[in-house]
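> Here's a sequence, model it:
(one chain, ligands or ions: 2)
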Amino acid sequence: MSAKSSDSDPRPAPPAVRGAVVWPSLLIVLALTVAFAAGLHAPAWAQYLPFAASLVLFGLPHGAVDHLVPSRFSGRKADGRGILAVVLLYIFLSGLCLILWFVAPAIAFALFICVTVFHWGAGELHAALFFGPDGLGGLGPTGRVFLVLLRGGIPMLVPLLFFPDAYEGVAADAAGLFGPGAAPSWAFGPAFRLAAGAALSVVALVLVSRAVRDGVARRAVFPPLALETLLLFAFFAVVPPILAVGLYFTIWHAPRHIARLVLLDPGASTDFLAGRPGRAVSRFAKDAAPLTGLALALLAGLYFAVPRAAQDPGSLLALYLVLVSALTLPHASLVAYMDLRQGVWKRSLPPAGAGHGPVT
Ligand SMILES: CC1=C(/C=C/C(C)=C/C=C/C(C)=C/C=O)C(C)(C)CCC1
Ligand SMILES: [Fe+2]
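Ligands and ions are numbered 1, 2, ... in the order given. From the prediction side, this is the model:
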């Protein structure tokens with residue numbers, strides 16, 4: 001048996017993950033929220049830094065071990081059939097997504113936002129298991145769907161409410177790579193934003209009512225989850241969106257997923273749980289390096305393939321977002337498969353270690 005579980009402490013992973021991943025990202029987000037609420041201004045170039053860092057740090061690499069997930073589940077070393085299945089999934093879904101960008105860029109952008117809501121929200125649903133010994137036990141499937149919608153909706157909709165011009169600028173840059181006739185302007189006007197804000201509020205209300213009904217509101221997990229949600233709302237309401245979304249991707253979503261992957265890898269999880277997070281991360285980095293390199297090569301190829309690529313920071317970010325959108329569709333599907341395998345949607349607690357270690 002690996003270090004993932006023992007009889008006396010059946011679920012040792014969450015405290016380790018909280019210390020190494022959850023707390024640092026919370027503190028950075030809190031500090032920046034306070035600083036920007038107090039009037040800090042970031043120069044335009046600095047706002048691109050997190051996305052630039054994410055090319056090699058956490059962001060892009062967090063999906064670059066997807067091909068190893070099937071073999072991690074089956075407890076084998078790299079397994080040819082599993083790798084082939086993931087490669088085919090990527091070629092098919094990424095290909096479809098890229099075709100959509102060429103033929104209908106505004107629709108591709110809208111689809112990207114929706115997929116991100118689902119994928120980042122599902123990441124948060126899984127991460128809620130890191131919060132306490134009882135995880136989300138008790139919250140039913142409807143409550144979980146609303147948790148996904150709320151936590152995925154915050155990074156994608158709060159910037160639209162508070163920074164519509166910057167949002168429209170990113171959409172226009174992305175769609176503009178493929179030709180004139182950018183995103184429709186009604187999507188950034190007051191009526192649509194009011195509707196989006198109302199929808200997010202209704203989602204929050206339904207979630208709280210479900211949490212009360214299912215008894216989750218009385219559990220230890222509820223106060224930290226609620227505070228974290230309010231903090232993220234404030235963060236996206238005050239921090240300029242390219243900086244805020246880039247940071248969320250790089251220091252929040254990706255590290256939480258990497259922690260999950262580390263716990264699926266017997267060697268890395270032994271290191272991690274024995275207090276050697278550096279060694280665990282370097283094992284992950286070694287696994288992720290080849291496909292991160294391939295993704296960077298694809299980005300360079302995309303630069304020559306899109307009709308209107310340019311070298312200003314806005315266009316380069318837009319190009320990166322097109323790549324990320326193409327990779328996110330298969331990545332989100334694979335992570336959804338991991339969620340099903342690890343019992344993230346089950347009302348009752350997964351057995352000791354499941355959800356935090358390999359399911360055997
Ligand atoms: C940059 C940016 C935006 C979109 C970012 C998106 C959609 C990122 C998705 C990243 C993913 C899915 C990473 C993989 O896990 C918005 C919201 C338009 C607002 C302005 C800044
Ligand atoms: Fe992800």
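> Assign a three-state SS to L55, would you?
coil (DSSP: H, G, I helix; E, B strand; the rest coil).
> Let me see the contact set for E228.
With contacts defined as C-beta atoms under 8 Å, 6 or more residues apart in numbering, E228 is in contact with L26. Every residue, glycine included, has its C-beta placed from N, CA and C.
> correction: A85
Contact analysis of A85 by C-beta under 8 Å, 6+ apart lists P70.
> near ligand 1, anything from the helix or strand encompassing it?
Using DSSP states H and E, A85 sits in helix 80-103. No. Contact of helix 80-103 with ligand 1 (C-beta under 6 Å from any ligand atom) is absent, the minimum separation being 11.4 Å.
> mean confidence score for that helix?
Taken as a whole, helix 80-103 has a mean pLDDT of 95.
> Skip ahead from it and say which helix or strand is next.
Using DSSP H and E, the next helix or strand after helix 80-103 towards the C-terminus is helix 105-127.
> Close to ligand 1: what parts of the stretch 51-200 of the chain are there?
By C-beta under 6 Å from any ligand atom, the residues of the stretch 51-200 of the chain that approach ligand 1 are 112-113, 116, 119, 156, 159, 166-167, 170.
> Got the phi and psi for F163?
phi -130, psi 60 (degrees, to the nearest 10).
> Okay, buried residues for stretch 203-220 please.
203-204, 206-208, 210-211, 214, 216-217, 219 (16 or more other C-beta atoms under 10 Å).
> Quick one: these as TSV, columns for secondary structure, distance to ligand 1 and pLDDT too.
Below are the buried residues of stretch 203-220 laid out as TSV (DSSP: H, G, I helix; E, B strand; the rest coil; distance: C-beta to the nearest ligand atom, whole Å; pLDDT from 0 to 100):
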residue	secondary structure	distance to ligand 1	pLDDT
V203	helix	17	98
A204	helix	19	98
V206	helix	23	97
L207	helix	21	96
V208	helix	25	95
R210	helix	26	93
A211	helix	26	91
D214	coil	28	87
V216	helix	26	85
A217	helix	29	84
R219	coil	28	84
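> Show me which of those is closest to Y320.
The shortest approach to Y320 among the buried residues of stretch 203-220 belongs to V203, at 28.8 Å (C-beta to C-beta).
> ok, how many other residues are close to the nearest residue to W252 once chain neighbours are set aside?
Excluding the flanking residues, the one nearest W252 by C-beta to C-beta, 6 or more residues apart in numbering is S25, at 4.7 Å. S25 has 19 neighbouring residues, counting by other C-beta atoms under 10 Å.
> list the buried ones in the helix or strand harbouring S25?
Using DSSP H and E, S25 sits in helix 23-37. Across helix 23-37, burial judged by 16+ other C-beta under 10 Å covers 25-26, 29, 32-33, 36.
> Name the residues of the stretch 251-360 of the chain found near ligand 1, please.
Contact residues (C-beta under 6 Å from any ligand atom) of the stretch 251-360 of the chain with ligand 1: 253, 321, 324, 328.
> now those as TSV including neighbour count?
Conversion of these to TSV gives the following (neighbours: other C-beta atoms under 10 Å):
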residue	neighbour count
H253	24
L321	21
V324	20
T328	22
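> ok, which pair from these is furthest apart?
Farthest apart among these by C-beta to C-beta are H253 and L321. That separation is 14.6 Å.
> all helices of the stretch 151-300 of the chain, in order?
For the stretch 151-300 of the chain, applying DSSP state H, counting those that start in this stretch gives helices covering 164-176, 190-213, 222-238, 241-247, 254-264, 266-273, 277-305.
> quick one: contacts for the closest residue to R308 other than its chain neighbours?
Take R308 and drop its neighbours on the chain: the residue closest to it by C-beta to C-beta, 6+ apart is L177, 5.3 Å away. The contact partners of L177, taken as C-beta under 8 Å, 6+ apart, are 101, 105, 306-309, 315, 318-319, 322.
> if you set the cut-off to 10 Å instead, what comes out?
101-102, 105, 302-303, 305-310, 315, 318-319, 321-322 (C-beta atoms under 10 Å, 6 or more residues apart in numbering).
> among those, who's most crowded?
Neighbour counts for the contacts of L177, by other C-beta under 10 Å, peak at V322, which reaches 27 neighbours.
> That one: helix or strand, and which one exactly?
Assigned by DSSP H and E, V322 belongs to helix 313-341.
> got a list of what the one residue in the stretch 1-150 of the chain that gets nearest to ligand 1 touches?
Closest approach between the stretch 1-150 of the chain and ligand 1, counting by C-beta to the nearest ligand atom: T116, at 4.1 Å. Residues near T116 by C-beta under 10 Å, 6+ apart: 152-153, 155-156, 245, 249, 253, 321, 324-325, 328, 332.
> Could you dump the residues you listed into CSV with pLDDT added?
Formatted as CSV, those follow (pLDDT from 0 to 100):
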residue, pLDDT
G152, 98
G153, 98
P155, 98
M156, 98
V245, 98
F249, 98
H253, 98
L321, 98
V324, 98
S325, 98
T328, 98
A332, 98
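> Which one of those residues is nearest to H41?
Nearest to H41, judged by C-beta to C-beta, of those is V245 at 17.8 Å.
> Hmm, L232 and that closest one touching each other?
No. Between V245 and L232 no contact is recorded; they are 11.5 Å apart, counting by C-beta atoms under 10 Å.
> Show me the common contact partners of those two, please.
Joint contacts of V245 and L232 (C-beta under 10 Å, 6+ apart) are P155.
> out of those two, which sits in the busier spot?
Neighbour tally, V245 and L232, criterion other C-beta under 10 Å: the higher count belongs to V245, 25 against 22.
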